[in-house]
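# Generate coordinates for the sequence data below:
(one chain, ligands or ions: 1)
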Amino acid sequence: MDRGDLLGLRGSGAPGELMIVVDTLVKTFPGAGGAGEVMALQGIDLEIADGEIFGIVGPSGSGKSTLLRCLNLLEEPTSGRILLGGDDLSKLSGSELRSARRRIGTVFQQFNLLHSRTVVGNIEFPLEVAGVGKAERRSRAKALIDLVGLTGKEKSYPSQLSGGQQQRVGIARALAAEPDVLLCDEATSALDPDTTDQILDLVAEVNRRLGVTVVIITHELGVLRRVCTSAARLEAGRIVETGRITDLVAHPGSALGAAIVPVGDDPSAGAISDTALVTAIGDYAHGPWLSEMIRELDADIAVVGGRVEKVGDVTVGRLRLRFDVGADRDRIARFVDEREHLTLSWGTDTDLEGLSE
Ligand SMILES: Nc1ncnc2c1ncn2[C@@H]1O[C@H](COP(=O)(O)OP(=O)(O)OP(=O)(O)O)[C@@H](O)[C@H]1O
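As a prediction, the model looks like this:
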């Protein structure tokens, strides 16, 4: 699929069309010192729609990097398939494989720039390797420098740039071959919080203007909140939950949703099992649903925790509520069920490893 001229800005891809399909992907490595095999990926199924910004999270050793390396064709799957825009990558070899590689750009945590080359030289490098002529290289590099906000820095070397500027070069270089997919491997982990936000905003702009599908490996909840449209959580080489971010947040049983909008422990020291976590999504989060609940249920309710977050461009409010002893849980459930934008679960949140604020 041709992403077109970078100078001509585009909207995102056809909604609903799948860009990446991972089908029963298994990856094993030989164990160290003759020990048995390490099964890094144990049958991953994943669908990523064209134009999405898809986050992948999980604790250390859960298989995130292995999955990313299978997606950018640095690792060969042991079994299973990866389809990119409908093409089965496992069936490609030689020149087809090389051109498939150019459909995927990768941005690294440590930028991985060539220190002996200028900004322009770094961005042009993948185009040189691909045999693109000089005039075309220059014009693409210029458009990308503009896009990532580095105009005036063309002749600087990486050592003369801040971390955020170096990552802008990393993003421009990854986009040089006009890929369909941008893979970001902990691309903001080496950056301070303000620079992280600027780089995330750039990734979102690239996604919107070029229509590039973005896959982000991250341990930062802020990344999921700020830019991701969907996410998957890995544990021990398997996907344990996946979905649109707003659906995960609204879903009462979702550990990832709870981590994205955490309410925290109940400081009133009562039993958590007696409290309910109520989530309100969108405009409803701004509305008087709590007073409605108190009126309609004629209940005494204490608010013992709460948080309101912007998740993408949707507001999500979560409250931990303590009802009076003997409250009618069925009636409370009915009240919530009758309202499309409210969900409720009783009891505790699960603590997730490998995620930080
Ligand atoms: N080249 C390799 N040889 C042997 N085992 C490997 C290799 N690469 C990864 N593994 C093993 O596969 C499992 C998954 O590793 P992977 O690096 O994909 O996890 P991760 O979720 O990216 O971890 P982290 O967050 O720490 O980077 C681990 O048990 C790891 O030790």
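# Every contact and neighbour count from this point should use C-alpha atoms.
OK.
# Rounded mean pLDDT for stretch 316-323, please.
Stretch 316-323 comes out with an average pLDDT of 89.
# if I look at residue 260, how far off is residue 221?
6 Å (C-alpha to C-alpha, to the nearest Å).
# Compare neighbour counts for the two and give me the winner.
residue 260 (25 against 18; other C-alpha atoms under 10 Å).
# buried stuff in stretch 72-88?
Buried residues in stretch 72-88, defined by neighbour count with 16 or more other C-alpha atoms under 10 Å: 72, 73, 76, 77, 79, 81, 82, 83, 84, 85.
# can you check stretch 251-266 too?
251-264, 266.
# same thing with stretch 317-326?
Across stretch 317-326, burial judged by 16+ other C-alpha under 10 Å covers 317, 318, 319, 320, 321, 322, 323.
# Name the residues that touch it?
261-263, 266, 274-281, 285, 299-309 (C-alpha atoms under 8 Å, 6 or more residues apart in numbering).
# sec struct for residue 316, please.
strand (DSSP: H, G, I helix; E, B strand; the rest coil).
# Tell me which residues touch the closest residue to it other than its chain neighbours, please.
In this structure, residue 316 finds its nearest non-sequential neighbour in residue 281, 4.7 Å apart by C-alpha to C-alpha, 6 or more residues apart in numbering. Residue 281 is in contact with 246, 250, 314, 315, 316, 317, 341, 342, counting by C-alpha under 8 Å, 6+ apart.
# Rank the helices and strands of the chain by mean pLDDT and give me the bottom one.
One helix or strand of the chain scores below all others by mean pLDDT, DSSP states H and E: helix 94-101, with a mean of 83.
# now that one, how far from the centre of its chain.
Relative to its chain's centre, helix 94-101 lies at 26 Å (C-alpha atoms, centre = their mean, to the nearest Å).
# Would you mind pulling up the elements that that helix packs against?
Helices and strands touching helix 94-101, as assessed by 3 or more C-alpha pairs under 8 Å, 6 or more residues apart in numbering; DSSP states H and E, are absent.
# And the helix or strand that it is followed by, what does it pack against?
Sequence-wise, the next helix or strand downstream of helix 94-101 (DSSP states H and E) is strand 104-108. Counting contacts by 3+ C-alpha pairs under 8 Å, 6+ apart, strand 104-108 packs against helix 163-175, strand 181-185.
# tilt between the next helix or strand after strand 104-108 and helix 163-175?
Note on strand 104-108: by DSSP H and E, the next helix or strand toward the C-terminus is helix 119-129. Helix 119-129 runs at 20 degrees relative to helix 163-175, counting by axes from the mean of the first three to the mean of the last three C-alpha atoms, to 10 degrees.
# Please state the mean pLDDT value computed over helix 119-129.
95.
# next one: stretch 60-78
Rounded mean pLDDT across stretch 60-78 is 92.
# Contacts for it next, please.
Counting by C-alpha under 8 Å, 6+ apart, 25-28, 40-41, 56-58, 82, 90, 101, 104-106, 183, 185, 217, 234-238, 354 sit against stretch 60-78.
# If we check the ligand, which of those are in contact?
By C-alpha under 6 Å from any ligand atom, the members of the contacts of stretch 60-78 lying near the ligand are residue 40.
# Distance of the one residue sitting closest to the centre of the chain relative to the ligand?
Central residue of the chain (C-alpha atoms, centre = their mean): residue 55, 1.8 Å from the mean position. Going from residue 55 to the ligand by C-alpha to the nearest ligand atom, to the nearest Å gives 13 Å.
# Next up, the contacts around the closest residue to residue 342 other than its chain neighbours.
Closest residue in space to residue 342, ignoring its immediate chain neighbours: residue 280 at 4.7 Å, by C-alpha to C-alpha, 6+ apart. By C-alpha under 8 Å, 6+ apart, the residues touching residue 280 are 250, 316, 317, 318, 341, 342, 343.
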